[in-house]
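**Student:** The following comprises the amino acid sequence and a computationally predicted model.
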Amino acid sequence: MPLFVTDIESLKTSRELPRDLRMQEAQARRQANRPAILYFLHIPKCGGTSAAHLWRSAYPGCVATARLNAKSDIKHCRLHEVDDVYDVSFATVRHPLTWYESWWRYLLSPKVTDREETLDADGRPNFDTWIGEGVWHPLRRIAPCHAPSFSTFIDNVISHQPGFVSSMYDEYFGQSSGTFAVDHVLKMENLYAGFGSLCEQYGLKRPPGEKHENQSQTLRTDWSERQVEKMLELEKDALKRFGYDQA
């Protein structure tokens, strides 16, 4: 989604340069361990809003929309679809079980239900009207699984999109091979600490305060023992890849 920059005017100046010169400058900053343009790979429901808030709290007005080279969702595009040249890239992930909870709650929140273009007549996400026909979005595949009942939603995912979160992570990072398409992967569960450490590693300003999302917990997400056991089995790739199997 966004570029996190230390100076928005420098980004504007950089974009006017030939691409080969931009790449040379980015490489020089990277080698000096002093990046000025960071690309944040925004995976849906993995703390993107909080990450942007943390950066803005240290660098006000320094979050910019990336330029793309493909017909993809501007917020949640993949790395190879980014046309801008950047110095360092990073992403955030979260535990698969809480990802399903967050996505289901989001679809039932006023942020979605109060907008006519987001849902179809059956109350399921309609990405053609939401973001545009033919625009890539990672959650198109799971849209038909939505249901007002959390339990039904989870059963639908198990039946029709088993291991969805693992496969979504693969779309962003590449197949589970021990390597990642980005330079750094942070966990949403300890985002503030991880983000602060990332900034310190590169001599960047550390965010002054933690951002807490005011997400309603009134919508119950009751898992059955069977569902938890099955989901943990189906999402074992993501759990192992990001160390959630050691918790």
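**Tutor:** Thanks, I have it.

**Student:** Can I get stretch 28-38 in CSV, CA atoms only?
**Tutor:** Output in CSV follows, covering the C-alpha atoms of stretch 28-38 (Å, rounded to 0.1, in the frame of the first residue of the first chain):
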residue,chain,number,x,y,z
ALA,A,28,23.5,3.5,-1.9
ARG,A,29,21.1,4.3,1.0
ARG,A,30,20.6,0.6,1.6
GLN,A,31,24.3,-0.2,1.7
ALA,A,32,24.8,2.7,4.1
ASN,A,33,22.0,1.2,6.3
ARG,A,34,20.2,4.5,6.1
PRO,A,35,17.0,4.0,4.1
ALA,A,36,14.8,7.0,3.4
ILE,A,37,12.0,5.2,1.4
LEU,A,38,10.4,2.1,2.9
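
**Student:** how far does it sit from the chain's center?
**Tutor:** 23 Å (C-alpha atoms, centre = their mean, to the nearest Å).

**Student:** Flag every buried residue along that stretch.
**Tutor:** Within stretch 28-38, the residues scored as buried using 16 or more other C-beta atoms under 10 Å are Arg29, Arg30, Pro35, Ala36, Ile37, Leu38. Just so you know, the C-beta spots here come from the backbone N, C-alpha and C atoms, and that holds for glycine as well.

**Student:** Report the rounded mean pLDDT for that stretch.
**Tutor:** For stretch 28-38, mean pLDDT rounds to 96.

**Student:** what does that stretch rub up against?
**Tutor:** Applying C-beta atoms under 8 Å, 6 or more residues apart in numbering, the contact partners of stretch 28-38 are 3-7, 10-11, 14, 26, 84-90, 201-204.

**Student:** go on, stretch 139-147?
**Tutor:** Residues outside stretch 139-147 that contact it (C-beta under 8 Å, 6+ apart): 44, 103-104, 107, 123-127, 153, 156-157, 160-161, 164, 168.

**Student:** Buried ones among those residues?
**Tutor:** Among those, those classed as buried by neighbour count (16+ other C-beta under 10 Å) are 44, 103-104, 107, 125-127, 153, 156-157, 161, 164, 168.

**Student:** Now do the same contact list for the closest residue in space to Glu117 that isn't next to it in sequence.
**Tutor:** Excluding its sequence neighbours, the residue lying closest to Glu117 (C-beta to C-beta, 6 or more residues apart in numbering) is Thr129, at 4.4 Å. Thr129 makes contact with Glu117, Thr118, Asp120 under the criterion C-beta under 8 Å, 6+ apart.

**Student:** Go again with 10 Å.
**Tutor:** Applying C-beta atoms under 10 Å, 6 or more residues apart in numbering to Thr129 gives the contacts Arg115, Glu116, Glu117, Thr118, Leu119, Asp120.

**Student:** how about a markdown table for these, with secondary structure, pLDDT and distance to His146 added?
**Tutor:** Shown next, in a markdown table, are those (DSSP: H, G, I helix; E, B strand; the rest coil; pLDDT from 0 to 100; distance: C-beta to C-beta, whole Å):
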| residue | secondary structure | pLDDT | distance to His146 |
| --- | --- | --- | --- |
| Arg115 | coil | 94 | 15 |
| Glu116 | coil | 92 | 17 |
| Glu117 | coil | 95 | 16 |
| Thr118 | coil | 96 | 11 |
| Leu119 | strand | 95 | 9 |
| Asp120 | coil | 95 | 10 |
